[in-house]
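Novice: dropping a prediction and its sequence here:
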Amino acid sequence: MNCRTVVSILGLASLLPFAYGQKYTCGAAKSGYITLSNSSAYTESTPGFDLGTLPVIAGESCSSDKPFFFSTALPEGSYRVTVVLGSDKSSTTTVWAEARRLMLEKISTQPDKSTSRTFDVNVRYPEFTDAIGTVQHVHLKPREIGNMDWDHKLTLEFNGDNPSVRSIEIKPIKEPTIYLAGDSTVVDQDVEPWTAWGQILPRFFRPGIVVANHAESGETIKSFVTEHRFAKIFTQIKPGDYLFMQFAHNDQKISPKTHEPVVPIPEYKALLTEYIAKARAAGATPVLVTSMNRRIFDTSGHITNSLAGYPDAMREVARQQHAALIDLNAMSKTLFEAMGPEGSLKAFMHFPANAYPNQTKAISDDTHFNSYGAYELARCIVLGIRQDNLPLKKFLTKDAGDFNPAHPDFQPDFHLPATPIPATTPNVMKVPQV
């Protein structure tokens, strides 16, 4: 056992106050608040600024000309976070949580003004207890060990133009949860500029429902079983929750050993059917999501199918099981064709050499997305939620808006502040989750 994977008795005791919530403030001390100072550095027993960052604390705000991080050790579960943003200067603050989950997008404040925003976030551990009381672990890939999605703390990133925060309040909550199961096109990509739709989705929900993204790169629906990722979800899923499942990209790949698909379509359909039944038995709503297309155009400018029969197989299972279906495959075809062969380069991982630190060669990837592509796909998911009339649509933010994949957001107008790339990141040219 090591301290990264097991919460000690001493550590657990330090977490007990979070049963009642905790409050932090910048600047002058306030009753009921923990005051953050220039010496407030995060440790396993002390909340504070993390990852070697430290904002300027002046007046009643913490602000910086660079992104900064705040972390606090927390028990596994869901939390409501309320931040008061603003400082003595104008600022535009974007808040990411954990491994780059977008929570608040470009919140602007004028000098000496402030605004309060609230969002819900999920914290998870790799450990879980199975039905017979045995402690089990999700089989994490090497790159997941120490990843902010699997550690024993909540991390908030404040980014943007003079990002500024005056106070942070964190309260434990119990509310409906959207569990995401999928691959690298869904996962919380933790290294810029790689981005997937699952990490953008929380931005479109107001408090009242939380997104728990369990997707991981390289996964098939079968490996999601054998690596105990579904088992982890099903120790937590409860009535009123949702299970979104998107698999195909890796399932369809040909095994060098068998020269057959890694997960043949009959097995793929059987596992989808099994986990639809399991979700319903738990009182949750299963939602199938067909995988988005790759950026492969024919000579006439139309997207070609590179996913064989897997999208149709998922559609067939949805019909047979009367399950909700978000046809991201069809929407992405419309979306990418509207962008065109050249315009769609701006949505996928296409960057010249040295566009990012440690990137000595060009990136040309027609499967994975940057923040713009992931954002547009997340908007497609929101559209699908509305089209299926899922009850969770009532939790969508007011500014989620209507979206037409045939008319994507204008790319030159799009910008999300980039999370700093750690100097220890060896190579941003490869999918960081693999």
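Specialist: Yep, it's here. As the structure is a computational prediction, the values presented were derived from the model and not from experiment.

Novice: contacting residues around residue 60?
Specialist: By CB atoms under 8 Å, 6 or more residues apart in numbering, the residues touching residue 60 are 25, 26, 27, 28, 166. For the C-beta atoms, the positions are set from N, CA and C on the backbone; glycine is no exception.

Novice: max pairwise distance over those residues: which two?
Specialist: 28 and 166 (10.8 Å; CB to CB).

Novice: so for these two, which residue has more residues nearby?
Specialist: residue 166 (22 against 9; other CB atoms under 10 Å).

Novice: which helix or strand contains the closest residue in space to that one that isn't next to it in sequence?
Specialist: Closest residue to residue 166 apart from its sequence neighbours, by CB to CB, 6 or more residues apart in numbering: residue 84 at 4.3 Å. Assigned by DSSP states H and E, residue 84 belongs to strand 77-85.

Novice: elements contacting that strand?
Specialist: Judged by 3 or more CB pairs under 8 Å, 6 or more residues apart in numbering; DSSP states H and E, strand 77-85 is in contact with strand 91-97, strand 101-109, strand 115-123, strand 153-161, strand 164-173.

Novice: still on that earlier bit, what about the residue nearest to residue 166, distance to residue 38?
Specialist: 20 Å (CB to CB, to the nearest Å).

Novice: also residue 140?
Specialist: According to CB to CB, residue 140 and residue 38 sit 35 Å apart.

Novice: and these two? Which one has more around it.
Specialist: Remark: of residue 140 and residue 38, residue 140 carries more neighbours, 18 against 11, as counted by other CB under 10 Å.

Novice: just the strands from the stretch 251-400 of the chain, written as ranges.
Specialist: 285-289, 324-326, 348-351, 363-369 (DSSP state E, counting those that start in this stretch).

Novice: residue 179: which of those strands is closest?
Specialist: strand 285-289 (9.9 Å).

Novice: ok, residue 212 touching residue 124?
Specialist: Yes - at 6.6 Å, residue 212 counts as touching residue 124 under the criterion of CB atoms under 8 Å.

Novice: quick revisit: need the contact list for the residue nearest to residue 166.
Specialist: 114, 115, 116, 165, 166, 167.

Novice: contacting residues for the residue nearest the centre of the chain?
Specialist: With distances taken as CA atoms, centre = their mean, residue 199 lies nearest the centre of the chain, 2.4 Å away. Going by CB under 8 Å, 6+ apart, residue 199 touches 99, 100, 101, 102, 187, 188, 189, 213, 374.

Novice: do residue 40 as well
Specialist: Counting by CB under 8 Å, 6+ apart, residue 40 makes contact with 46, 47, 48, 49.

Novice: at 6 Å instead, please
Specialist: Residues in contact with residue 40 (CB atoms under 6 Å, 6 or more residues apart in numbering) are 48, 49.

Novice: next one, pLDDT for it please.
Specialist: The model reports residue 40 with a pLDDT of 94.

Novice: before we move on, the earlier item: measure the residue nearest to the centre of the chain to residue 360 for me?
Specialist: Using CB to CB, we find residue 199 at a distance of 26 Å from residue 360.

Novice: next one: residue 239
Specialist: For residue 239, the distance to residue 360 - CB to CB - is 51 Å.

Novice: same deal with residue 408?
Specialist: Taking CB to CB as the measure, residue 408 falls 31 Å from residue 360.
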